[in-house]
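Undergrad: dropping a prediction and its sequence here:
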Amino acid sequence: MTNATCAEYRDRVEDVLDRLLPPEESERLDAHREACAECAARWTAARRFRDLLAREGRAALGAWEARRLSVHAATMDVTRAAAAPGAPAPARRRRFTVLRLAAAAAVVAAAGLVGTGMLGDSGPVVLAAGAQTRLDPGSQATFGHGSRLVVEDRAVTLTLLEDTSRDGTSDDLLQMHRGVALFRVHPEHPLGVATPQGVARAVGATFVVDVRSDGAVVVDVVTGRVRVVRDRGDVVARPGERVEIDSGGTVHVVSRARLDGLAMTNDRRSEEISNLRTELRRADEQLDAYAAAAQAGGSEAPATDGLPYLELGRVTRILTDRAIPWRDPRRNEAMAFFLLNAERIRQEFGASDPMRAVERPAFVAAVAEGYLRALEPTASDEEIAATVDEIRTACGLVEADMAGELVPTELSASRQRALTTMIRAVERHLGSAAAAELVRSIRGAWDGPRPWVQALDDRLEAKLVGSWQRLLDLDEEQANRVAALVKEYVAQSVTMQARVAAALPEGEVESVVFPRSMWGRDGGSRRHRGGTRSSASSGAGEEAGAAAEEPAETAAPPEPSDSEVVAQRLREIDARLRLGEPRARFERALWNMLRPEQRTSAFRGRSRLFTFRERSAPSSSD
C-alpha cells in the first residue's frame, strides 16, 4: 500500500469525514494524517466546520446562500465581458472565488450529517429508482452507490434511472428535468446527470448542474473533472471552469482564471482612470494659478518689438529648477510669462508648443545670458559673456547639423556634445556649484535618450528585423540586408557595452548602461529584474556588473560634492555617446540602402538607444 500525499489528503478530507472511502483507503489516509501536522490541522478544521454547520442548521445554509447571491450579482458584468463574440451573455454566474469554494465545501460537509438534526429530523431523502422526485431548495438526497446532492436556490425535479456505461459497468444515472443542484460523486462509482443538453459524467467530483426552463444547461465544476457527453462532441471541464450550453446546443466554456483576470484588468483600469482624473484635476488647478498670475501681471504681453530674452532666460531657469515645487508662486508667475509670450515664441523659434522651444538650439542661445544670470547671480559680466559665447558656439554647431541629413542617433550625439561644452563652460567660468545646478536642471532632448534595455536571446534579432520590416515594407533583398545589419549592430553593441562598463566606476554600470526606464522595463519587461546578467559583465566589466547586482547598504551613501556631480554627468554623457556609436552606424547604413519614399517614414520621432542584457543560465541545482 503506497503512502498518501498531502495533495491526496487535501482532496479527500471530506470523503474521510463522510466515511465514503473503502476501509483500506481510509486507513492509508488516516496514517498520513497522523504523520503530517499540516493535514491533521486540515482535518481538525474541516471537522470543526462540520460541527458548526450541525449546530447552526438551516441558518448557516441561508447565510451562505445570501452571500452566494451577492457574489453572483457583483460579477454579472465580468461574466458578460468574458462571453465569446456572438455568444449570448449568460443570465447567471456563480464565480468560484475562495469564498465560493469554501461555501460549496460547507454544503458538501452538511450533506454528510445524516441524522444530526441539522436539516430536520428526517435527514436526507433517499431517491428511489424510476420515481420522479421534487426536492425543494436546501434539501439533500442520497442515491445509488453513495453519491449525494444538495438543492440550491431553485427546486429540482429529477428521476433516478439505471444505466450501463460504455465499458459495461453499472453507473448511477439521474435524469434532471429542471432546477439547480450541487452533486458530490462517490470516488469509485461514476455518476451521470442526464440533462436536455447532454449527460454530465464524473467520478469523485463535486459540481453544480443548473437546468433552466428554456432548456439551457450550465455545469460549474468545483473539484475533479466532469465530462459533458453530447451528440455533437464531448466537453471536459476542470475545477473552476463553467460549461454553458444554450437551448440551441451552442457550447461556451468560461474559466475562473479568465474571469479573475478580467476582474483584475478592470480593477487596474479603474485605478488608472482614477489616477488620470486626479492628474487632470491638478492640471486644472495649475492652469487656474497660471491664469491668476497672468491677470495680476496684466492681460497683454509687454509691448516690445522683440522677445524679452533676459527675462525669458530668467523664467526658463525657474521652470527648469527641480527644487521649485509645482505649486510655488514663482513657477506660476514664470509659466504665466511664457503663456503671455507664447505666440511670439512660436513665430520666432517655430515651436508649436512654446514649452518645447527650450529644446531648440536657437532658443538656448537666445536666452543663455538671462538663464546664466539667474543661475549664478554673483558672476561678473565678463564671466557671463565668456560662458555665453561658448554656449552660442555649441548651439550653432547643432543648428548646422540639424540643417543636414543626419540620422537620429547622429543628431542626438551632436546635442550631447553641445551639452558637454555647456557644462564645461559653466564649470570653468562660473564654478562647480553652478555647473552642478545646471546638470540637475537639464532634461529632455539635450540630455539624450536613456538606454532601452533589450533581452539578449535567440529571438532578439528576429524581433528587430521584424519591426523594421513592418515599418518600412522591405522587399526580400532589403530584408536580407537589414538582417545582416542587425546582426552586426547587436554584436558591436555588446562589445561596446563591455568597454564602457570597464571604463565606468563600479556603481555606475547599471544606472548608465542598463537603467530602468520610467515605464518600469528592464531587459524588455519586469521578468528580467534580479534574474539577469549583463553581457558587459565579462572581462574588465565583470566586477562592475557583480557589484551593481548586490543589495544596497542600509546606510544612505554620502551626498556627492558639486565637482563629483558634474564629473558623473560628463562620464554618463560620454558613455552614452560611445554606446550610441553602433546604433549610429546601423542607422546610417540603413538610410543609405533605403529608397527615397522609404526614408520619409524610416526614423519617426527620436532614436532609441538600445542596450542588450543576457538572461542568466540556469544553475545545475535547478
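TA: Yep, it's here. Numbers count the residues shown, from 1 in each chain.

Undergrad: can you classify the nearest residue to residue 609 once chain neighbours are set aside by secondary structure?
TA: Once flanking residues are discounted, residue 609 sits nearest to residue 449: 4.6 Å by CB to CB, 6 or more residues apart in numbering. Backbone N, C-alpha and C define where each C-beta goes, glycine included. Residue 449 falls in the coil class when you classify it by DSSP: H, G, I helix; E, B strand; the rest coil.

Undergrad: residue 449 against residue 608, yeah?
TA: Yes: between residue 449 and residue 608 there is a contact at 6.5 Å, judged by CB atoms under 8 Å.

Undergrad: those two - which one has more neighbours?
TA: Per other CB atoms under 10 Å, whichever of residue 449 and residue 608 has more neighbours is residue 449, with 18 against 14.

Undergrad: now the more buried one: phi and psi?
TA: As for residue 449, its main-chain torsions (degrees, to the nearest 10) stand at phi -70, psi 140.

Undergrad: longest strand in the chain, please.
TA: In the chain, ranked by residue count with DSSP state E as the criterion, the top strand is strand 170-184.

Undergrad: starting at the chain centroid, how far to stretch 426-438?
TA: Relative to its chain's centre, stretch 426-438 lies at 42 Å (CA atoms, centre = their mean, to the nearest Å).

Undergrad: now it: mean pLDDT?
TA: Averaging pLDDT along stretch 426-438 gives 92.

Undergrad: ok, and what's touching it?
TA: The contact list for stretch 426-438 (CB atoms under 8 Å, 6 or more residues apart in numbering) reads 321, 372, 375-376, 379, 383-384, 386-387, 422-424, 561-563, 565-566.

Undergrad: any of these buried? List them.
TA: The neighbour count (16 or more other CB atoms under 10 Å) marks 321, 372, 375-376, 379, 383-384, 386-387, 422-423, 562, 565-566 as buried among those.

Undergrad: so which of these sit within helices?
TA: 372, 375, 383, 384, 386, 387, 422, 423, 562, 565, 566 (DSSP state H).

Undergrad: now these in JSON lines, with pLDDT and distance to residue 352?
TA: Listed next are these as JSON lines, based on pLDDT from 0 to 100; distance: CB to CB, whole Å:
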{"residue": "372", "pLDDT": "93", "distance to residue 352": "27"}
{"residue": "375", "pLDDT": "90", "distance to residue 352": "28"}
{"residue": "383", "pLDDT": "94", "distance to residue 352": "36"}
{"residue": "384", "pLDDT": "94", "distance to residue 352": "31"}
{"residue": "386", "pLDDT": "95", "distance to residue 352": "34"}
{"residue": "387", "pLDDT": "94", "distance to residue 352": "30"}
{"residue": "422", "pLDDT": "93", "distance to residue 352": "25"}
{"residue": "423", "pLDDT": "93", "distance to residue 352": "29"}
{"residue": "562", "pLDDT": "90", "distance to residue 352": "37"}
{"residue": "565", "pLDDT": "90", "distance to residue 352": "34"}
{"residue": "566", "pLDDT": "91", "distance to residue 352": "34"}
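
Undergrad: of all those, which comes closest to residue 194?
TA: Nearest to residue 194 out of those is residue 565 (CB to CB; 79.0 Å).

Undergrad: the closest residue in space to the closest one that isn't next to it in sequence: neighbour count?
TA: Among residues not flanking residue 565 along the chain, residue 436 sits closest, at 4.2 Å (CB to CB, 6+ apart). Taking other CB under 10 Å as the neighbour definition, residue 436 ends up with a count of 23.

Undergrad: quick one: low-confidence parts of the stretch 451-600 of the chain?
TA: For the stretch 451-600 of the chain, residues meeting the criterion pLDDT under 70 lie at 517-556.

Undergrad: where do the strands sit along it?
TA: 452-456, 532-534 (DSSP state E, counting those that start in this stretch).

Undergrad: tell me the buried residues in the first one?
TA: It refers to strand 452-456. Per 16+ other CB under 10 Å, strand 452-456 contains these buried residues: 453, 454, 455, 456.

Undergrad: TSV please, covering the residues you listed and showing distance to residue 595.
TA: Formatted as TSV, the buried residues of strand 452-456 follow (distance: CB to CB, whole Å):
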residue	distance to residue 595
453	32
454	28
455	32
456	31
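
Undergrad: ok, those residues vs residue 46, which is closest?
TA: Distance to residue 46 across the buried residues of strand 452-456 (CB to CB) is lowest for residue 455, with 46.4 Å.

Undergrad: you'd agree the residue nearest to residue 565 is in a helix?
TA: Yes: secondary structure of residue 436 (three-state DSSP): part of a helix.

Undergrad: gap between it and residue 36?
TA: Remark: distance between residue 436 and residue 36 (CB to CB, to the nearest Å) = 64 Å.

Undergrad: next: residue 178.
TA: Counting by CB to CB, the separation of residue 178 from residue 36 is 44 Å.

Undergrad: kindly report the same for residue 452.
TA: 50 Å.

Undergrad: residue 366 now?
TA: Relative to residue 36, residue 366 is positioned 79 Å away (CB to CB).

Undergrad: more crowded one of the two?
TA: residue 366 (21 against 16).

Undergrad: within the helices and strands, which one has the more buried one?
TA: Following DSSP states H and E, one finds residue 366 within helix 361-375.

Undergrad: can you pull the buried residues of that helix?
TA: Neighbour counts over helix 361-375 (16+ other CB under 10 Å) mark 361-375 as buried.

Undergrad: which of those lies closest to residue 219?
TA: Nearest to residue 219, judged by CB to CB, of the buried residues of helix 361-375 is residue 363 at 68.8 Å.

Undergrad: right, and that closest one touches residue 350 too?
TA: No: between residue 363 and residue 350 there is no contact under CB under 8 Å: 9.9 Å.

Undergrad: overlap in contacts of these two?
TA: Listed contacts common to residue 363 and residue 350 are nil; contacts here mean CB under 8 Å, 6+ apart.

Undergrad: where does the stretch 301-450 of the chain have low pLDDT?
TA: The stretch 301-450 of the chain contains residues with pLDDT under 70 at 301-306, 351, 443-447.

Undergrad: that older thread, what's the helix holding residue 366 in contact with?
TA: With CB under 8 Å, 6+ apart as the test, helix 361-375 has contacts from 307, 309-314, 316-318, 345, 349, 351, 357-358, 379, 384, 387-388, 391-392, 395-396, 398-399, 402, 418, 426, 430, 434, 437-438, 446.

Undergrad: in PyMOL, select just the buried ones from those.
TA: Buried subset of those, written as a PyMOL selection, criterion 16+ other CB under 10 Å:
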select buried, resi 307+309+311+312+313+314+316+317+318+345+349+351+357+358+379+384+387+388+391+392+395+398+418+426+430+434+437+438+446
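
Undergrad: so residue 266: helix, strand or coil?
TA: Put simply, residue 266 is helix when judged by three-state DSSP.

Undergrad: any idea how far it is from residue 254?
TA: Applying CB to CB, the value for residue 266 to residue 254 is 16 Å.

Undergrad: residue 475 now?
TA: Residue 475 sits 46 Å away from residue 254, going by CB to CB.

Undergrad: neighbour count winner among these two?
TA: residue 254 (25 against 12).

Undergrad: before we move on, back to that, save the ones in helices among the buried ones among the contacts of stretch 426-438 as JSON lines, and put in distance to residue 236 too.
TA: Below are these laid out as JSON lines (distance: CB to CB, whole Å):
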{"residue": "372", "distance to residue 236": "75"}
{"residue": "375", "distance to residue 236": "72"}
{"residue": "383", "distance to residue 236": "82"}
{"residue": "384", "distance to residue 236": "80"}
{"residue": "386", "distance to residue 236": "81"}
{"residue": "387", "distance to residue 236": "77"}
{"residue": "422", "distance to residue 236": "69"}
{"residue": "423", "distance to residue 236": "67"}
{"residue": "562", "distance to residue 236": "70"}
{"residue": "565", "distance to residue 236": "64"}
{"residue": "566", "distance to residue 236": "68"}
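
Undergrad: hang on, the earlier thing: would JSON lines of the buried ones among the contacts of stretch 426-438 with distance to residue 600 be doable?
TA: Below are the buried ones among the contacts of stretch 426-438 laid out as JSON lines (distance: CB to CB, whole Å):
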{"residue": "321", "distance to residue 600": "39"}
{"residue": "372", "distance to residue 600": "39"}
{"residue": "375", "distance to residue 600": "40"}
{"residue": "376", "distance to residue 600": "44"}
{"residue": "379", "distance to residue 600": "46"}
{"residue": "383", "distance to residue 600": "46"}
{"residue": "384", "distance to residue 600": "43"}
{"residue": "386", "distance to residue 600": "43"}
{"residue": "387", "distance to residue 600": "40"}
{"residue": "422", "distance to residue 600": "33"}
{"residue": "423", "distance to residue 600": "35"}
{"residue": "562", "distance to residue 600": "46"}
{"residue": "565", "distance to residue 600": "42"}
{"residue": "566", "distance to residue 600": "40"}
